[in-house]
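Trainee: have a look at this prediction, sequence included:
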Amino acid sequence: MNLKISFFLPLIFVAFSSFSQERLAFLEVPDSLHQGRFWTCLATGTTIYTGLSIGLYDAWYSDFELVGFHTFDDRGEWEDMDKVGHLFSAYTAANISFNGALWTGMDRKAATWTAVGVGTVIQSTIELMDAFSAKWGFSWADIGYNTLGVGLFAGQEFLWHEQRILMKVSSSFGGYTDAPILSVDDNSTSSLRTRAGDLYGMGLGERFLKDYNQQTIWLSANIASFSFNPPDWLPKWLNLAVGYGANNMFGGFENSWTENDASFILDESQYPRYQQFYLSFDIDLDRIKSKSRFVKSLLHILNWIKIPSPALEITSKGNLYFHPLHY
């Protein structure tokens, strides 16, 4: 399953949550379940879920052949960037659903289980669409990462009543060369820019959502929260983040494709596929104090984006790099 679909639903829910979070900032959270808010959230959430499911099917599945339910082992595809995308998506959907549930006046335990249910249903819907598409299939690996995502959120809520470890995403928006690449029979040419455009799109929005070569998925842990006696000089908002990315991916399992009936295969020695592991600092925007309710709401909405900062990178090829500013 392409990561662009894994990112699509949570980002829409982020946009929806901006309305809810702004209202939370101005309206006191009720001490018990507020029927009006509960039914409002239920109706709105159901409408959004139904609309997105229909739109997703029309945009990504309707042009492909439908077959019977079948499974597909996609472990290792896109160097598993798709899998960490599922982890991020499930965590983000659960996080947003939890805040919406609190807004209705649910207690934290009920809101947590609601978040688990919503996150699971959203991701499982996508997986069921995959299961009946000839191009994809039901992936048990995807289900596993979806479960880890909602579990990461729920486990922290039950254990600490807060999210000390956040999931975030960043994208570097690097360029692709337009140097010609010869087809296997040497009768046609293409380029990495053309291939990347076909796979990931050309606009910044598309590339942020789709481009595996540019994305990094992060686990961002709050340092002070894990310190028994944090010193006064340690900012309460400072996080330490570990990230995962991959590069030189121009096909799911290998860098070969067909374009206008011509076949292309990239030279592995020139374009080796490799994984990237990062260590960097980050900021938990929810822990920044502000007297402005609007500012606090805005910071909360943006807290799924990794803050650019210096980073160390270690690749699966054994290379070590320092980035003065990585995003």
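Mentor: Great, that's in hand.

Trainee: could you report the separation of L87 from F253?
Mentor: 20 Å (CB to CB, to the nearest Å). Where you see a C-beta, it was placed from the backbone N, CA and C, and this is true even at glycine.

Trainee: ok, now Y327?
Mentor: Y327 is 28 Å from F253, where distance means CB to CB.

Trainee: which of these two has more residues huddled nearby?
Mentor: Per other CB atoms under 10 Å, whichever of Y327 and F253 has more neighbours is Y327, with 16 against 12.

Trainee: near the residue nearest to the more buried one when sequence neighbours are not counted, how many other residues are there?
Mentor: Nearest residue to Y327 in three dimensions, chain neighbours excluded: P308, at 3.9 Å (CB to CB, 6 or more residues apart in numbering). The local packing of P308 (other CB under 10 Å) involves 15 other residues.

Trainee: run me through the strand neighbours of the helix or strand containing G245, direction for each.
Mentor: Assigned by DSSP states H and E, G245 belongs to strand 238-247. Strand pairing for strand 238-247, using DSSP bridges, gives strand 215-222 (antiparallel), strand 274-283 (antiparallel).

Trainee: make JSON lines from the ones you listed and add mean pLDDT, distance to A111 and mean neighbour count to it.
Mentor: Below are those laid out as JSON lines (pLDDT from 0 to 100; distance: least, CB to CB, whole Å; neighbours: other CB atoms under 10 Å):
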{"stretch": "strand 215-222", "mean pLDDT": "97", "distance to A111": "21", "mean neighbour count": "22"}
{"stretch": "strand 274-283", "mean pLDDT": "98", "distance to A111": "25", "mean neighbour count": "18"}
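
Trainee: right, so of these, which gets closest to D185?
Mentor: strand 274-283 (28.7 Å; CB to CB).

Trainee: next one: the closest one to chain centre, how far?
Mentor: 15 Å (CA atoms, centre = their mean, to the nearest Å).

Trainee: identify the residues contacting the strand holding G245?
Mentor: 78-81, 84, 166, 168, 170, 212-213, 215-224, 273-284, 306, 311 (CB atoms under 8 Å, 6 or more residues apart in numbering).

Trainee: next SSE downstream of the helix or strand harbouring A115?
Mentor: A115 is part of helix 108-131 when elements are defined by DSSP H and E. As assigned by DSSP H and E, the chain's next helix or strand after helix 108-131 is helix 140-160.

Trainee: quick one: distance of the helix or strand just after that next one to the chain centre.
Mentor: Once the chain leaves helix 140-160, the next helix or strand it forms, by DSSP H and E, is strand 165-171. In terms of CA atoms, centre = their mean, the centre of strand 165-171 is found 8 Å from the chain centre.

Trainee: next: stretch 93-101.
Mentor: Per CA atoms, centre = their mean, the centroid offset for stretch 93-101 relative to its chain is 15 Å.

Trainee: so which bits of that stretch are buried?
Mentor: A93, A94, N95, I96, S97, F98, G100, A101 (16 or more other CB atoms under 10 Å).

Trainee: from those, which is closest to H161?
Mentor: F98 (11.5 Å).

Trainee: look at that closest one and tell me its secondary structure.
Mentor: helix (DSSP: H, G, I helix; E, B strand; the rest coil).
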